[in-house]
Structures are given as structure tokens and as C-alpha cells.
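> sequence-free structure coming up:
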């Protein structure tokens, strides 16, 4: 008879029960071949035993036979729905596939039948943390603590669970109780030190500063807390918050003496004295400058107090402080000096003073004036001034200074790099790429120069040439340098390569790169899973909490925001004009270099696959883990992405995190609107426009969308049913006054921004939405070619693209006029001229590249 409480179909005779225990042990020790044989032995006599079938499926999955293993696991679950083992196995499989929500459901089912299984409870807690289900996490951690109260990590796990759930009071109580029952703590125990610092952090967050300071002092004196810097930082903050300003000032001063270039320490010191460094009042200005001067005298090697003084000082006092600061940086040859002081340019008065100081230095520091002064002083003065004039849009003057500097020292890479940046701002991507390549060949071992060169080639639309130069520092056994950079999660390369393909009209490869960026962020999010257990085992709680906070803001990263917006714009293009997909994916639209690159990449990929098959011996018992291997890439050029029927759904999924993590980015809301209105999610579209309007009511792109939204809603055959309909009407009334005609609203916008070329372009686009005559649209845009207009190359390029998009007969005339108006720019050249520039740009680089490749 089977044991009481065990279903008859699950019960096994003694011999098979012993074999099943052996099967579990063999799986734990990863003796996969033996485990498979043991499972087969049991299944010969009991072919319907669900737990054994599941275990065999799990073993086969580890051996790489994923589909067969998954089928067996599902079969085992169906045969024994009340076994915790089958649900645990099913959860393991789903967790390996990164399907965390379904895995947690399986673990929850397993816990119904075995409420105190430590392994299942621990894995469930990790999954709840990963999914941010903190209410359930608190319950799970409570259960773990009840089962094993003698395990220290269970106490810390419960405190962390309360903290993550926002219940700091209970977290503090758990830590207090934990510290009371703890015995036999070894000296200099790093783990205990981390827990005590975490407890102090909780008390500080609760506002219990006295208790936190007492706990800190007691444990600092007993050497229980061994991180001396953290002790001083906590002590300084707590004393300041408690109003013990003299003691706090002494501690802040000690921290500054330890690390005199920490701006945070200076902010803490002045905050303790009632001074906010970000907004110093006139009453406090002289006092603040006096204190900073004292610090500069005490710490002559520290740059922070001298740099902070520049932020705070004004007028003649600023000039007196800026002169020695700038002269010292120029004399030492600090390349980052301009980047250091650039933030001061927000104040026009300080901008003028800095320019006059360095110009004075230049006039009194020619190459032949002073024997005592090193010749490099004149060189770095020219370098600084070139950056200054380029920053204030006097690019031609910057180029003249750089020509003089290069004549003085033609072998300094920084000069050529800056020249490339100036040419880029002038709209000459080919000249910029050529200069950056000249800088690269001055030091072929410099990875930074190599990266910058590749980046500038991509911006010039030279994808194949960029991969050639980047390939000098990538693995040689990969299909292409691009695939290696993708494996190494190089966001810079993927973003620039995607933008380059998009500019070249190759939308498929652009989308593929943007989705590669999305995949990287998903992988980073998945990677945190292992730390949910590791950090509690190792008691690295403080840095773990920082990681959780960082992960929650992960998709606010500029690379993700840019990729999401760019990809959604392509998907909207495809929705509006599906013929773009056929044109973009056709090989006839590719250049010869792109065709060659595509063919080369395909051959390299096939070679790598063949080599990997030869190199891998057949090892049936090898543990391949539960995670599926990388899927085979069957869409090398992104054609399938272009032709996907769910383009708008993909765009919406890409943009969804931006509604939370990019709330201050108006372009994110514009993109959310573009997708929502085409998906007929009118209320979501209205909310996006409301958010955008709260950020910048006069933004050109918002103006176009307001008119487009009014047109879209007005053209609906009937109003959406309640509650959407009334809410939509109310939102529309707030966005755009109902009593003003759209044509009048558009004209008023142009009158409000008469000299702004971007506003004029927005007016023209809105006029096109309203069905205005093409002649009027063209005339408005052509007025921007007048000499008094403030048209820049970027806006001119956008106007040209718009004219080409509406198939204007005057587009070519506008291009040639822009070519004359911007003689230093190459973006308005004819295709034949561009091809010649492209050849010329890399004519000097090719011999150097050949030398590098042939070098032993």
C-alpha cells in the first residue's frame, strides 16, 4: 500500500523509490547520463509516473534536447497535478527561458503542496524580487525566517523585503532584533559591518538621526564597522541633520582633507553652514568665496575649491580667479580644460571674460616671445580658443586657429580630433571623417582614437569602412567586427550604425540594430536575477539596494531612449507607407559597398558555423544548462522586421518604458502620440500631447501633432462611447481652443515665431496636414534662404527631406541653393560629388591601414 496522503499513481515500490532518490542525487551532481538511465529504469515499470517523467525531461533539457525535454515535463505535469516536484521542475524550465511570471506561477503551485520547501521558497523569493512583487516577497521571506531562524541571511532577506516594500519601520525592527540575538561575532567581520551600515541607513531614512548616530558611534568604537570612510560620511551627515554644526564641520573638513577633489564633500560642508552651492545668494557670496580660498591655500593641489569658486564668483572677482585657473591649465597642457569650464558659458558675462583672458594670453604668448615660457603654452592656447569659437558657432575662426596650431605642431592628435568636430558641426561629415582618420594614424595603438574614427565614418555613412577600422581591435574569429561589437554590448557602435543605416535608407538593418539595443537592456535586466541570492548570502546589502534602484531606472539610459524613439519613427513610416519596406529591403537599393559587406558577412557567418560544428565533439552528457542557446539569425538584413504585420505593436512595446523613465523628454511623448493615434488609442494620444505641452507648449513638433490630432478626431465617423468620448472631448478642448480655426491657429504660431526656421518648417508641415496648396508651402520654406535668415545646416537638411517627401518640383532648386549658402557643408552635394568626396576622404587612410594589417 502507498504511504498515507500519497496518491496511488505517485507511490513507488521500495526499489523504484530508492532509484528515484538516486535520480535526484544524480541530477544534483549533474551526472546526466546516469540520471537518464535511472529514469528509464523506473519508467520501464511505471511509464505514467509523472515525477520521473518530469525529471527525465529536466535531464534531457540540460543535455541540449530542449524540445523533447519540455514535452516530457509538460506530460509529467498533466499526469500528476498535485506533486510539488513536477511544478518545481516546470518552474525551473520556465525560469531558464526567462519567463519569470510563468515560473513564479509554477512555484506558487508547488508551494501549495509543499509549503515549507526551502529551495522552492528561496527561488520564489528571487522571482518575486525580479518581478517587483514586494507584498508577496515579504510573506515568502517571513516563511523562510520561521523555518530557519538560525540562518543569518533569512533575517537580512526579511529586512530587505520590508525595505523594498516601503515599510522602513518593520525593516528597522527586524535588523534590531537580529543584532540582539547575534552572538560570537568574529573581529573585523565584513559581513556584520555591512549589516550595521545598512541599519544606520534605514534609521537615517526614517529620520531617527539620534538613534542612527548612537548606533554608529558604538559600533565604530568597538571596530564592528570597519569601513572608516563610510563611518565619517554617515557621521558628518547625521551631525548636520541633528544641528550639531561644529562637530559636523570638523568631520566634513576631515573628509575633504582625505579626498580634496570630491564635490559632494564640499557641498556637505557648505550645506552644514547653511549655504547651498547650487544657488549662492549675494549675502553669502563673499563668505563662501573666502572659505573656498582658505581651502585652496590649505590644499594647493586640489582643483575642486578653485573650480567651485568660478561657479560662485562674479564680475572682477571672477576674472581674478579665472586667470590663474586658466593659465595653469594651459601651461600644463590639460586637454580637458575647455570641457571643465564649458558649463560657465551659461552666463554670457563669464563667457566674454574667459574669451578675453585667453585672447590676452594668446597675444602675449607667441612662439618667439618668451624664452622662459614653454612653446606648448601657445599651442594649448590656440587649442582652447578653437574650442571656444566652435562652441559659440564661429566655426570658420576655429578652423583658422586650428590651421595655425597644426602648422606649429602637426603631430598632436587632439588638434585633428577637434578639427574633425568643427567640420562635423559645419555639416561636412566626409572632411570630419578624414581628419579623424589622420588623427588615428598618428597613434595606431590608441583604442580611443580608433573608436572615434569608426564613429565618424559611421556618421559619414561609411558603414563598411567603419567596420574595417573597428575590426583592428575586435576578435578575428567572429563573422564580422559588427557582430563582435554587438556581443560585447557596444551601445555606441549599435546606435551610430543604426543611425547611419537609417540615413542611407537601409531601414531594415537600422531596425535590426535598434532591436539589438533593446535586447541588451533586456539582458542587463535579466542579469540582476543572480544577485538576488548572491548579495544576501554575501551580505553586500548596501550596494545591492543601489543596484535595485539603478535597475528600476535602467531604461532611462540615453541609448535606450534614442533607440526607442528612432525605431518607432521607422515603424510609423512603414505603417503610413508600406511600400517603403519593399524599396528598403530590395538589394537594388544597396550601394556596391553595402552589397559587398552583406555578401562578406554571410560568408563569414557560414564559416564560423562550420568551424564551430567541427570544433565541438559530440558530448551527449555535457551539461548545457537550462537557458536556451542563442537563436539562429535568419534575418541578416532586417527584411522580416520591415515586413512584420504588427509594426505599431512593436513600436508601442519599445516606447512603453519611456512613459515612466523619460517623462522630461518631449520627443518621447511625441513618438508615443504618433504610435497611439495610429493604433486608434485616442485617449492615450491625448495624454501624450498633454504631457508634451506641459514640457514645451511652443515646440515645433508638438504644434504639428496638435493640428494632426484635431484633424484625426474630427474625422471620426462617430464619437467614441463613454467614458472615452467625453474624456477625449475634454482633453482636446484643453489642448487646442475650440473657437479658433486650425488655419488661424497655424498662422498665429508662425507670427509668434517669425525668425525661427524650425517653427517655419513646423508651420509648413501643419499646412500640408491641413491640405494647403503646395505653392504656399514651398514659398514659405524658400523664404528661409534669405541672407538675414538664421537657417542652419540641420534645419535646412530637414526642410530638404520634407520637400522631397512631398515630391516638390523645387526640391532640387532648394538643394542647390543650400549648397551655395553653406559652402563648408557637404550634405547638400549631388550624389556624384558625394561619391568623389567619399573616395577622397579615405585615400590617405588606406595605405596606413594596409601597413597596419601587414605588420607582424
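Yep, that arrived. Quick caveat, the model's predicted, so the values are computed rather than measured.

> Can you tell me the closest non-neighbouring residue to the one residue sitting closest to the centre of the chain?
Nearest to the mean C-alpha position of the chain, by CA atoms, centre = their mean, lies residue 557 at 2.8 Å. Using CB to CB, 6 or more residues apart in numbering and skipping residues adjacent in sequence, the residue nearest residue 557 is residue 521, 7.2 Å away. For the C-beta atoms, the positions are set from N, CA and C on the backbone; glycine is no exception.

> For residue 554, see how far away the one you found is.
Applying CB to CB, to the nearest Å, the value for residue 521 to residue 554 is 6 Å.

> Looking at those two now, which is surrounded by more residues?
residue 521 (19 against 15; other CB atoms under 10 Å).

> Tell me which helix or strand that one sits in.
Here residue 521 sits within helix 507-527, counting by DSSP states H and E.

> name the helices or strands packed onto that helix?
Judged by 3 or more CB pairs under 8 Å, 6 or more residues apart in numbering; DSSP states H and E, helix 507-527 is in contact with helix 491-503, helix 558-576, helix 579-585, helix 639-642.

> shared neighbours of residue 521 and residue 554, anything?
residue 560 (CB atoms under 8 Å, 6 or more residues apart in numbering).

> Give me the distance from the helix holding residue 521 to the chain's centre.
Averaging C-alpha positions (CA atoms, centre = their mean, to the nearest Å) puts helix 507-527 11 Å from its chain's average.

> from what I can see residue 182 touches residue 189, true?
No. Look at residue 182 against residue 189 with CB atoms under 8 Å: they stay out of range, at 10.0 Å.

> Counting neighbours around each, name which of the two comes out higher.
Shown here are residue 182 and residue 189; by other CB under 10 Å, residue 189 has more neighbours (15 against 12).

> Grab the nearest non-local neighbour of the more buried one.
Of all residues not flanking residue 189 in the chain, residue 224 sits nearest, at 7.6 Å (CB to CB, 6+ apart).

> Could you do residue 833 as well?
residue 826 (7.8 Å).

> ok, now how distant is the one you found from residue 123?
To residue 123, residue 826 is 59 Å away according to CB to CB.

> just residue 359 next, same as before
Applying CB to CB, the value for residue 359 to residue 123 is 67 Å.

> Please list all residues in contact with residue 808.
774, 777-778, 814.

> Give me the residues contacting stretch 441-453.
Under the contact criterion CB under 8 Å, 6+ apart, stretch 441-453 has outside partners 411, 413, 416-417, 420, 433, 436-437, 439-440, 469-470, 472-473, 492, 845, 848, 852.

> which stretches of the stretch 601-750 of the chain have low pLDDT?
Applying pLDDT under 70 to the stretch 601-750 of the chain flags the ranges 601-621.

> And the next helix or strand past the helix holding residue 521?
Heading C-terminal from helix 507-527 (DSSP H and E), you reach helix 529-538.

> just checking, what packs against the helix or strand just after that following helix?
Downstream of helix 529-538, the first helix or strand assigned by DSSP H and E is helix 541-552. The contact analysis (3+ CB pairs under 8 Å, 6+ apart) places helix 541-552 against helix 152-164, helix 190-206, helix 529-538.

> can we see that at 6 Å?
helix 190-206 (3 or more CB pairs under 6 Å, 6 or more residues apart in numbering; DSSP states H and E).

> List the buried residues for the following helix or strand past the helix it packs on?
Helices and strands here follow DSSP H and E; after helix 190-206, the next one along the chain is helix 209-221. For helix 209-221, a neighbour-count test (16 or more other CB atoms under 10 Å) marks 209, 211-213, 215-216, 219-220 as buried.

> Measure how helix 209-221 sits relative to helix 190-206, angle-wise.
160 degrees (axes from the mean of the first three to the mean of the last three CA atoms, to 10 degrees).

> circling back to that earlier point, going by distance to residue 507, which of the contacts of residue 808 wins?
Nearest to residue 507 among these: residue 814, at 24.2 Å, using CB to CB.

> Contact partners for the closest one?
By CB atoms under 6 Å, 6 or more residues apart in numbering, residue 814 lies in contact with 800, 803.

> distance between the helix or strand hosting it and the chain's centre?
Taking DSSP H and E as the criterion, residue 814 maps to helix 811-821. Mean-position distance between helix 811-821 and its chain equals 38 Å (CA atoms, centre = their mean).

> For the helix holding residue 521, the averaged confidence score.
Confidence over helix 507-527, taken as the mean pLDDT, stands at 95.

> out of the contacts of stretch 441-453, which are inside helices?
Secondary structure from DSSP state H places 413, 416-417, 420, 433, 436-437, 439-440, 469-470, 492, 845, 848, 852 of the contacts of stretch 441-453 in helices.

> Show me which pair in those residues is furthest apart.
492 and 848 (23.2 Å).

> Contacts made by the helix holding residue 521 with the rest, please.
Contacts for helix 507-527 (CB under 6 Å, 6+ apart): 98, 486, 489, 494, 497-498, 501-502, 559-560, 563, 566-567, 570, 584-585, 637-639, 641-642.

> If we use 8 Å, what do you get?
By CB under 8 Å, 6+ apart, the residues outside helix 507-527 that reach it are 98, 486, 489, 491, 494-495, 497-499, 501-502, 551, 554-555, 557, 559-560, 563-564, 566-567, 570-571, 573-574, 580-581, 584-585, 635, 637-639, 641-642, 654.

> and the next element down the chain from the helix or strand hosting residue 761?
In the assignment (DSSP H and E), residue 761 maps to helix 757-769. Next in sequence after helix 757-769, counting helices and strands by DSSP H and E, comes helix 774-782.

> helix or strand right after that following helix?
Next along from helix 774-782, by DSSP H and E: helix 793-805.

> Distance from that following helix to the middle of the chain?
Worked out by CA atoms, centre = their mean, helix 793-805 lies 29 Å from the chain centre.

> And stretch 60-72, by the same measure?
Between the centre of stretch 60-72 and the centre of its chain there are 36 Å (CA atoms, centre = their mean).

> Repeat that for stretch 81-97.
34 Å.

> For that stretch, buried residues please.
Neighbour counts over stretch 81-97 (16+ other CB under 10 Å) mark 83-97 as buried.

> what's the angle between the helix holding residue 814 and helix 774-782?
Angle of helix 811-821 versus helix 774-782, following the same axes, to 10 degrees, is 10 degrees.

> So which bits of helix 811-821 are buried?
811, 814-815, 817-819, 821.

> again, but for stretch 70-78
Buried-residue list, stretch 70-78, by 16+ other CB under 10 Å: 70, 72-77.

> Residue 572 contacts residue 672, correct?
No. Using CB under 8 Å, residue 572 is not in contact with residue 672, being 11.1 Å away.
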